[in-house]
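Asker: Please find the sequence and the predicted model below.
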Amino acid sequence: MPRTPKTQYHIIQPPPPSWWKKSRHKVLLVAGVVAGLWIGTHPLAGHADPAHATTPPASCSAGARTGGGRQ
């Protein structure tokens with residue numbers, strides 16, 4: 001009579017996760033915060049600054065510029 005093979009059970013431990021798998025959410029969070037801060041503090045390319053107030057023409061009186069004048 002042929003011998004039946006024995007069933008042997010081996011518990012295989014998965015390898016520990018790599019540094020990237022353990023920390024990728026932290027790395028991506030920091031990268032997103034840094035990118036957001038950089039975008040928020042730098043103007044977009046081609047974006048012109050708003051026009052600065054120019055001095056009033058010479059024909060205006062000093063009272064008209066400061067809100068004074070005749071009352």
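Answerer: Perfect, I can see it now.
Asker: so where do the helices sit in the chain?
Answerer: Using DSSP state H, the helices of the chain run over 19-41, 62-66.
Asker: what ranges of this structure fall below the confidence cut-off?
Answerer: By pLDDT under 70, the low-scoring segments of the chain are 1, 45-53, 56-71.
Asker: Just give me the neighbour total for residue 21.
Answerer: 9 (other Cβ atoms under 10 Å). Bear in mind the C-beta positions are built from the backbone N, C-alpha and C, glycine included.
Asker: Sorry, slip of the keys, the one I care about is residue 27.
Answerer: By other Cβ under 10 Å, 11 other residues sit near residue 27.
Asker: Tell me which residues touch it, please.
Answerer: residue 20 (Cβ atoms under 8 Å, 6 or more residues apart in numbering).
Asker: Please tell me how far residue 28 sits from residue 12.
Answerer: Remark: distance between residue 28 and residue 12 (Cβ to Cβ, to the nearest Å) = 31 Å.
Asker: circling back: any chance of the helices of the chain in a markdown table with distance to residue 5 as columns?
Answerer: What follows is the helices of the chain, written out as a markdown table (distance: least, Cβ to Cβ, whole Å):
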| stretch | distance to residue 5 |
| --- | --- |
| helix 19-41 | 37 |
| helix 62-66 | 103 |
